[in-house]
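Trainee: can't give you the sequence, but here's the structure:
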């Protein structure tokens, strides 16, 4: 037994040392404000990408990652084939959601005890139980949605960035050395964030259960309530961990794929700046415009493919952040610790969504610079009719309102979207406060 424990501790020590060494390589360059360029760092990023993909597969988000294939995995009814783990997750979701709904509407103490209500006789229990049931239902529907689309081969487009798994060579990425290094650093930082968040999800959910359970004085007075609360609560943590990891893990797949196409466009912008400083011929300018059009088509194909999934992320995450802030700051639900925890989570969600909008929108806004650059290039060269048409096509697409990441069929993600996103969320919070706040105040005073 001692040998097994020592072996496990040695493996854990080796894993932690490998992660720390790879992080130190990146931190040295970040502090020095330089873009790392070494084979050691390249290998560290590839390992991190593979570890993040394996972690997503551990949480049953088996979408084959960058090695996506077009092989279908649907049954005779056109739905994906279930594995034993899928059945276990589905059964646990149905049990947990049914448990939360019954506890919300039931007033019987015996029902609350046998269903392990961690919020037994707590003032704000109904609000929290409804929130848990809604969050679990929405995440389960999303997980089934993406895995069913994957079984039908709809995510084959994710294989475009599979070249990164074997290294970030600039020739394979079709980028310059500087842009390829920036892309590699971006993937590294984003993968670190997602990898660690997925690892911390079980601890966060366990902390949430412990706070709700141990801060309830009735738990210590009723051993039967404590037993069922921890047993059934562990089941909810288990399924909540898988569902939340699926949402975050799939966002990592989408974001990395979009980053790949955005950095290719970013590289072409740098090429346009270089061409602007020297005289170019019509043939060279025409081939450059063809490259821009091809990359724009690839980028818009990814954006169009995932437009409703991106709409889901923007709308649901924004609503979740607003509701968490409302419960934590305005309602001050349950106790101060849980209220502060929900407030921090809500601000973290909104700030992450805002940063996503700002970063991607800034890339898209830079495409508008192509209009000026191509106009300057076309005035310096005598162009043939074909080259002139290609230049006009690129200028029209760069200046058009349809260029960018599609958020459903409603809006295109541009740089200004970050500002409107922040203002919309502030207005939603104000509506919550003005319309619901007085009723909550009068309800608590009467109670």
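Mentor: Happy to help now that I have it. In this text, all values refer to a predicted model and were calculated from it rather than measured experimentally.
Trainee: so, low pLDDT: which residues of the stretch 1-150 of the chain?
Mentor: Judged by pLDDT under 70, the stretch 1-150 of the chain has its weakly predicted residues at 1-38, 60-80.
Trainee: any idea how many residues pack against the nearest residue to residue 334 once chain neighbours are set aside?
Mentor: Closest residue to residue 334 apart from its sequence neighbours, by Cβ to Cβ, 6 or more residues apart in numbering: residue 124 at 5.5 Å. C-beta here means a position set from N, CA and C on the backbone, and glycine is covered the same way. Neighbour count of residue 124, defined by other Cβ atoms under 10 Å: 18.
Trainee: my read: residue 124 touches residue 333, true?
Mentor: Yes - contact criterion Cβ atoms under 8 Å: residue 124 and residue 333 qualify, at 4.5 Å.
Trainee: for the residue nearest to residue 334, phi and psi?
Mentor: The phi/psi pair for residue 124 (degrees, to the nearest 10) reads phi -100, psi 30.
Trainee: and residue 168, by the same measure?
Mentor: Main-chain dihedrals, residue 168, degrees, to the nearest 10: phi -110, psi 60.
Trainee: which residue packs closest to it, ignoring adjacent ones?
Mentor: Excluding the flanking residues, the one nearest residue 168 by Cβ to Cβ, 6+ apart is residue 184, at 4.2 Å.
Trainee: any buried residues in the helix or strand harbouring the one you found, and which?
Mentor: Per DSSP states H and E: residue 184 is located in helix 177-214. Neighbour-count burial for helix 177-214 flags 179-188, 190-192, 194-195, 197-198, 201-202, 205, 208-209, 211-213 (criterion: 16 or more other Cβ atoms under 10 Å).
Trainee: I'd like the distance between the spatially closest residue to residue 299 that is not a sequence neighbour and residue 237.
Mentor: Nearest non-adjacent residue to residue 299, counting by Cβ to Cβ, 6+ apart: residue 261, 4.0 Å away. Distance of residue 261 to residue 237, given as Cβ to Cβ, to the nearest Å: 37 Å.
Trainee: ok, how many other residues are close to residue 317?
Mentor: 17.
Trainee: domains of the chain?
Mentor: Per automatic domain parsing, the domain ranges recorded for the chain read 1-34, 38-163+174-247, 278-447.
Trainee: can you give me the distance of the residue nearest to residue 48 when sequence neighbours are not counted to residue 158?
Mentor: Spatially, and ignoring its direct neighbours in sequence, residue 48 is nearest to residue 191 (4.9 Å; Cβ to Cβ, 6+ apart). Going from residue 191 to residue 158 by Cβ to Cβ gives 15 Å.
Trainee: so where does residue 50 fall, helix or strand?
Mentor: Assigned by DSSP H and E, residue 50 falls within helix 39-58.
Trainee: any buried residues in that helix, and which?
Mentor: Buried-residue list, helix 39-58, by 16+ other Cβ under 10 Å: 41-42, 44-46, 48-49, 51-53, 55-56.
Trainee: packing partners for that helix?
Mentor: Under the contact criterion of 3 or more Cβ pairs under 8 Å, 6 or more residues apart in numbering; DSSP states H and E, helix 39-58 touches helix 2-31, helix 177-214, helix 223-276.
Trainee: what angle do it and helix 223-276 make?
Mentor: Helix 39-58 and helix 223-276 are oriented at 140 degrees to each other (axes from the mean of the first three to the mean of the last three Cα atoms, to 10 degrees).
Trainee: just to revisit the earlier point, per-residue pLDDT, the residue nearest to residue 299?
Mentor: Looking at residue 261, its pLDDT is 80.
Trainee: which residues touch the helix or strand where residue 93 lies?
Mentor: Assigned by DSSP H and E, residue 93 falls within helix 84-105. Residues from elsewhere that reach helix 84-105 (Cβ atoms under 8 Å, 6 or more residues apart in numbering): 60, 82, 111-112, 115-117, 119, 125-126, 129-130, 132-133, 136-137, 140, 147, 232, 235-236, 238-240, 242-243.
Trainee: now the angle between helix 223-276 and that helix, please.
Mentor: Angle of helix 84-105 versus helix 223-276, following the same axes, to 10 degrees, is 120 degrees.
Trainee: in the next helix or strand after helix 84-105, what's buried?
Mentor: Following helix 84-105 in sequence order, the next helix or strand is helix 109-114 (DSSP H and E). Within helix 109-114, the residues scored as buried using 16+ other Cβ under 10 Å are 112-113.
Trainee: begin at 54, not 1, for the rest of this chat.
Mentor: Sure, I'll start counting at 54 from here, so that last one is helix 162-167.
Trainee: other SSEs contacting helix 162-167?
Mentor: By 3+ Cβ pairs under 8 Å, 6+ apart, helix 162-167 packs against helix 137-158, helix 276-329.
Trainee: name the stretch among the ones you listed that sits most buried.
Mentor: Highest mean neighbour count among those (mean count of other Cβ atoms under 10 Å): helix 276-329, with a mean of 19.
Trainee: may I have the secondary structure class of residue 378?
Mentor: Three-state assignment for residue 378 (DSSP: H, G, I helix; E, B strand; the rest coil): helix.
Trainee: on that earlier part again, my guess is the residue nearest to residue 352 contacts residue 211. True?
Mentor: No - Residue 314 lies out of contact with residue 211 (Cβ under 8 Å); the separation is 11.5 Å.
Trainee: what number of residues lie near the nearest residue to residue 396 once chain neighbours are set aside?
Mentor: The spatially closest residue to residue 396, leaving aside those adjacent along the chain, is residue 381, at 3.2 Å (Cβ to Cβ, 6+ apart). Residue 381 is flanked by 22 other residues according to other Cβ under 10 Å.
Trainee: tell me the pLDDT at residue 381?
Mentor: Listed pLDDT for residue 381 reads 75.
Trainee: same question, residue 442
Mentor: 71.
Trainee: swap in residue 420?
Mentor: On pLDDT, residue 420 comes in at 68.
Trainee: regarding the closest residue to residue 165 other than its chain neighbours, what is its secondary structure?
Mentor: Nearest residue to residue 165 in three dimensions, chain neighbours excluded: residue 173, at 5.4 Å (Cβ to Cβ, 6+ apart). Put simply, residue 173 is coil when judged by three-state DSSP.
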